[in-house]
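> my questions concern the predicted model and sequence given below.
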Amino acid sequence: MTARDFSCPVARIRRHGTMKSERYNAREAEPRWQKIWEERGIFRTRNDDPRPKYYVLEMFPYPSGRIHMGHVRNYTIGDVIARYMRAMGNNVLHPMGWDAFGMPAENAAMANKVHPKKWTYENIAAMKAQLKSMGLSLDWSRELATCDPSYYRHQQKLFLDFMQAGLVERKTSRVNWDPVDQTVLANEQVIDGRGWRSGAEVEARELTQWFFRITKYSDELLKAIDGLERWPEKVRLMQKNWIGRSEGLLARFALAPKGAPKNFDEIEIFTTRPDTLFGASFVALAPDHPLAAALALRDPKLAAFIEECRRTGTAQELIDKAEKKGVDTGLRAIHPFDPKWELPVYVANFILMEYGTGAIFGCPAHDQRDLDFARKYKLPITPVVVPADADPKTFKIANEAYDGDGRLANSRFLDGLGIAAAKEEVAKRLEKETRGNRPVAKRQIHYRLRDWGISRQRYWGCPIPVIHCEDCGIVPVPEKDLPVVLPEDVDFDRPGNPLDRHPTWKNVSCPRCGKRALRETDTMDTFVDSSWYFIRFTAPDAKTPTEPKAERYWMPVDQYIGGVEHAILHLLYSRFFTRAMKATGHIDIDEPFKGMFTQGMVVHETYRKADGTYVELAAVKFEAEGSERRASLASSGEKLEIGPIEKMSKSKRNTVDPDDILSTFGADTARWFMLSDSPPDRDVIWTEDGVQGAYRFVQRLWRLTNELAEFAAPANAARPSTFSADAEDIRKAAHGALAHVSEDIQRLRFNRSVAHIYELANALTASLNGLRATGGKISTDLACAVREAADILIRIAAPMLPHLAEQCWEALGHKTLVADEPWPVLEPGLLVEEMITLPVQVNGKKRADVSIARNASDQEVEAAVLALEAIQRTLDGRVPKRVIVVAQRIVNVVV
RNA sequence: GCCGACGUGGCGGAAUGGUAGACGCAUCGGACUUAAAAUCCGUUGGGAGGGAAACUUCCCGUGCAGGUUCGACUCCUGCCGUCGGCACCA
């Protein structure tokens, strides 16, 4: 039995750290190179550089106080691209800033009595130091924080310009209201329908709020997705579905007069399935529908139901998952094609006022929600679309609605038509029919996308720069009075908005009439802050929100990188904002992000005690018995269960602090690990073994470089006219790796770049072993090949291991910085082999290989294949029907 | 519930419709060492067989069930499982 202790990497490193003096000491080297980069200002970017521009940006962090592994991954990816693009001869913009407004600062203020501003700026300072220790090639001179008046004053100006351009609107919307704390709650603050702090049951409340009219651009935002070629397909799809364009019919259903309240003689419904009109069995209204409200005045049961629906909260998921319920209003709607056909009118909890008209006709046979509802209230279920392979007479709906293709049935004049034709026929007929001088129906395009509510009843956000005057109404704050600065003397003793209860801040005189007036106390959604920071980076000190020359030079962002969790909202809002800024003359582009990349999460094992509580990694002791790993509590020896691998989070106690990794192993090890193994768009599992492996490679590359340096020709040696076969092999390995790594970085497949660097290191190690056998005396051409390979190796590793690469570059005798070096030039001729080996299949199964000249004709290949002994044996006398030769790939003999 | 993605050895993963398992981790064996660590060299999908050995032959295998194709991890249909988003977390 071998028991091994994994628990203390620090101790292990200290132990062997004293053994050999030639170890690479990251702790000493990394700050030294960082200082040199900074002193020489090599990552400072100028707006007037003649080289081609390249703008690479990672989503800026919320200053929580400490970076987490997700940041390490995000910024490593961006940094590799930035350094590679710089080596490729581009003027690279790679800035960093802080998404510094938001709820956590206010929560901290309430919990610890720290002012949000102090808390935020202290966090920024701490995180900045951590980011600096990662060795990122950032231009810190462009740093910005969204909570700084020098940033948000321009955001206020943009708001005012948007207002002028008709892109801002005030209307009501529902919020989660905590009746005890007297405050608006975010969805994440509502737990099981109750306020997180007070525990009170949450109510829906209508509030008048500020909105950006993103829906003005629904169609434009949708269409332009097709032009976003360098975006992940899944993100484009998600955005398309989020905008949710649907073509449908707006139809007026007359109400039977009995019981209908005054001013209500019809219900307007929106449907995307007019073809199923003869399958209708009820009409349903949203609980917020005006007719529902009117009926509730005299129907206590209905009023109670509407009240109940309000307690579901505002989150879509909860509304969808709630059991389908409704109340029969007693009203009857008349079928548009049959005056004698009456449909019951319900108010139902699954109908949304925000979508369409807030009213639908229910067709249970072909919509699952309608089916669930119909079963519950025993409403008729008539299939009207029948799949091609079913008999219309016997086709029945069981537990699942049928939403597939088919022919119309049970639908009078529509019978036999396809779905599209039936839709068309219904629309045509109802459009022609009129009631009260208006057509009974009209075609309409609907979008799922709703306007963007930006009002927040909170302190730590950008103040909305308007004034409410009794006489003049809503008056924009004059530009000369910008910024509207947040007052600093606020208290967080009570929940609710400190701005609203501030004694003086909101009292102002109306800019128009001079009368006493009130300042708006809502602040902006933090998504507004992050919707244009990437443009501000192009001219962070400009007196206006943007500087046209800088914006035109740098935008759009060539490569944007961030978590997939932002795939919809942040990116869509930014796309809208870009259009709105163009409409108001601030910029000249439509799309902000030419290339988009969404990285996966960082996940880690979890450890639990028998009682189910989580234990943090530092407290766990591991033992390996054969291939089995066991975990126990280091302090008591209590057995622990090694649980599933989950996203790093405080609650699961499975976080790894980047600071520990950086100070123990160094930034290069952390970066290398982040890039190894997992493709960047998938989750990466943080493992202690993996980090050890990355650390070993850092040391190995350092040793290898020093050994190569012993054999390598001087840095300035003349290139020989010919190379021996051995020398050529070394060069082939180097240029092969160069070709792969270049392509893989461009395609953001860093795990493959890493693999190819390993391969080159392995090949050079093997070559070194051969060279050593010669007793250290090698020919000039070999020495030159070693020099060439070593220089390539270090330069292609440099974007990923920037500190180590500098150290190695120096060890190879260079006086320059590798960060300033151009990318190596590929010799494509070295990648072409004269003889190639093709796999040979018989009926798709590999049976042999054939070696043949690269330029052999198909006939020659076929002849060579059929002559192979192994193929003859497999054929066993059978005559091939076909021989498929895929040039330079494979041969398949079909019998 | 709706939308989107993912599923390959013991593990992370590789593979323009063309040799499944590159590369790494872990494992096992060897060298070095008094010993260990580190390092270096080698080994490893599962099963069955042949050979003294270097080696070699066959079968199975990419979540499950089908389909298209000369050929499928890859494309199509249906299912199962895991993860992300759902408009006030950022």
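Received the coordinates, thanks.
> surely residue A:49 meets residue A:91?
Yes - under the criterion of CB atoms under 8 Å, residue A:49 makes contact with residue A:91 at 3.9 Å. Just so you know, the C-beta spots here come from the backbone N, C-alpha and C atoms, and that holds for glycine as well.
> more neighbours: these two, which one.
Set residue A:49 next to residue A:91 and count neighbours by other CB atoms under 10 Å: residue A:91 wins out with 19 against 13.
> tell me who's in contact with the more buried one.
With contact taken as CB atoms under 8 Å, 6 or more residues apart in numbering, residue A:91 is in contact with A:45, A:46, A:49, A:50, A:51, A:52, A:53, A:54.
> report the buried members of the residues you listed.
When the contacts of residue A:91 are checked for burial by 16 or more other CB atoms under 10 Å, the buried set is A:45, A:53, A:54.
> for the second one, give me its contacts.
If a contact means CB under 8 Å, 6+ apart, then residue A:53 has A:90, A:91, A:92, A:93, A:553, A:554, A:558 as its contacts.
> by neighbours, which of the residues you listed wins?
Neighbour-wise, the contacts of residue A:53 (other CB under 10 Å) top out at residue A:93, 27 neighbours.
> and the closest residue to residue A:22 other than its chain neighbours, which of the three is it?
Leaving aside its chain neighbours, residue A:22 sits nearest to residue A:706 (6.8 Å; criterion: CB to CB, 6 or more residues apart in numbering). With DSSP: H, G, I helix; E, B strand; the rest coil as the basis, residue A:706 sits in helix.
> contacting residues for the residue nearest the centre of chain A?
Nearest to the geometric centre of chain A sits residue A:564, at 2.2 Å (CA atoms, centre = their mean). By CB under 8 Å, 6+ apart, the contact list for residue A:564 reads A:235, A:598, A:599, A:600, A:681.
> let me have those in CSV, extended by secondary structure, pLDDT and neighbour count.
Converted to CSV, the contacts of residue A:564 look like this (DSSP: H, G, I helix; E, B strand; the rest coil; pLDDT from 0 to 100; neighbours: other CB atoms under 10 Å):
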residue, secondary structure, pLDDT, neighbour count
A:235, helix, 92, 19
A:598, strand, 92, 20
A:599, strand, 91, 26
A:600, coil, 88, 17
A:681, coil, 91, 15
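> near RNA strand B, list only the ones from those.
When CB under 7 Å from any atom of the strand is taken as the criterion, no member of the contacts of residue A:564 contacts RNA strand B.
> and those residues, which two are furthest apart?
A:235 and A:600 (13.3 Å; CB to CB).
> any idea how far stretch A:708-719 is from the chain center?
Computed by CA atoms, centre = their mean, to the nearest Å, the chain-centroid distance of stretch A:708-719 equals 46 Å.
> buried residues, that stretch. List them.
So stretch A:708-719, judged by 16+ other CB under 10 Å, has buried residues A:708, A:709, A:711, A:712, A:713.
> low-confidence ranges, chain A, go.
Counting by pLDDT under 70, the low-confidence segments of chain A come to A:1-21, A:623-629, A:775-776.
> list the contacts of the residue lying closest to residue A:195 once chain neighbours are set aside.
Nearest residue to residue A:195, sequence neighbours excluded (CB to CB, 6+ apart): residue A:178, at 3.9 Å. Residue A:178 is in contact with A:184, A:185, A:195, A:197, A:198, A:200, A:202, A:495, counting by CB under 8 Å, 6+ apart.
> enumerate the residues of the stretch 301-450 of chain A near RNA strand B.
Residues of the stretch 301-450 of chain A lying near RNA strand B by CB under 7 Å from any atom of the strand: A:314, A:315, A:316, A:317, A:320, A:321, A:354, A:368, A:369, A:448, A:449, A:450.
> what's near enough to touch the fifth one?
Read it as residue A:320. residue A:350.
> tell me if it really is in a strand.
No - using three-state DSSP, the assignment for residue A:320 is helix, not a strand.
> so how far is residue A:352 from it?
Distance, residue A:320 to residue A:352, using CB to CB, to the nearest Å: 10 Å.
> quick revisit: restrict the contacts of residue A:178 to contacts with RNA strand B.
Among the contacts of residue A:178, the ones lying near RNA strand B by CB under 7 Å from any atom of the strand are A:184, A:185.
> please pick the buried ones from the contacts of residue A:178.
Buried residues within the contacts of residue A:178, defined by neighbour count using 16+ other CB under 10 Å: A:184, A:185, A:195, A:198, A:202, A:495.
> nearest to RNA strand B among these?
Checking those against RNA strand B with CB to the nearest atom of the strand, the nearest one is residue A:184 at 4.6 Å.
> now do the SS call for that closest one.
strand.
> contacting residues for it?
Taking CB under 8 Å, 6+ apart, we find residue A:184 in contact with A:175, A:176, A:177, A:178, A:205, A:207, A:456, A:457.
> so what are the sheet partners of the helix or strand hosting the second one and their directions?
Secondary-structure element containing residue A:176, defined by DSSP states H and E: strand A:168-178. Strand A:168-178 sits in its sheet next to strand A:183-185 (antiparallel), strand A:203-212 (antiparallel), going by DSSP bridges.
> tabulate these in TSV, adding columns for distance to residue A:847.
Output for the strands paired with strand A:168-178, formatted as TSV (distance: least, CB to CB, whole Å):
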stretch	distance to residue A:847
strand A:183-185	68
strand A:203-212	65
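> of those, flag the one that's most buried.
strand A:183-185 (a mean of 21; mean count of other CB atoms under 10 Å).
> what about residue A:274, neighbour count?
With neighbours defined by other CB under 10 Å, the count for residue A:274 comes to 23.
> go on, the one 3 residues further on?
By the measure other CB under 10 Å, the count of residues near residue A:277 is 25.
> which residue packs closest to it, ignoring adjacent ones?
Residue nearest to residue A:277 in three dimensions, not counting chain neighbours: residue A:426, with 5.7 Å by CB to CB, 6+ apart.
> show me which residues of the stretch 501-650 of chain A sit near RNA strand B.
Contacts of the stretch 501-650 of chain A with RNA strand B, taken as CB under 7 Å from any atom of the strand, map to A:525-527, A:564-570, A:601, A:624, A:626-627, A:646-647.
> which one of the residues in the stretch 551-700 of chain A is closest to RNA strand B?
Per CB to the nearest atom of the strand, residue A:693 is where the stretch 551-700 of chain A lies closest to RNA strand B, at 2.7 Å.
> export whichever helix or strand that residue is part of as CSV, just CAs?
Counting by DSSP H and E, the element that carries residue A:693 is helix A:688-711. Taking C-alpha atoms only, helix A:688-711 is exported to CSV below (Å, rounded to 0.1, in the frame of the first residue of the first chain):
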residue,chain,number,x,y,z
GLU,A,688,-4.5,19.9,-8.1
ASP,A,689,-2.8,17.2,-10.2
GLY,A,690,-3.3,19.3,-13.3
VAL,A,691,-1.7,22.3,-11.7
GLN,A,692,1.2,20.2,-10.6
GLY,A,693,1.5,19.0,-14.2
ALA,A,694,1.5,22.6,-15.5
TYR,A,695,4.1,23.5,-13.0
ARG,A,696,6.3,20.6,-14.0
PHE,A,697,6.1,21.7,-17.6
VAL,A,698,7.2,25.2,-16.7
GLN,A,699,10.3,23.8,-15.1
ARG,A,700,10.9,21.4,-17.9
LEU,A,701,10.8,24.1,-20.5
TRP,A,702,13.3,26.0,-18.6
ARG,A,703,15.7,23.0,-18.3
LEU,A,704,15.1,22.2,-22.0
THR,A,705,16.0,25.7,-23.1
ASN,A,706,19.2,25.7,-21.1
GLU,A,707,20.2,22.4,-22.6
LEU,A,708,19.3,23.7,-26.1
ALA,A,709,21.4,26.8,-25.5
GLU,A,710,24.4,24.6,-24.9
PHE,A,711,24.2,23.2,-28.4
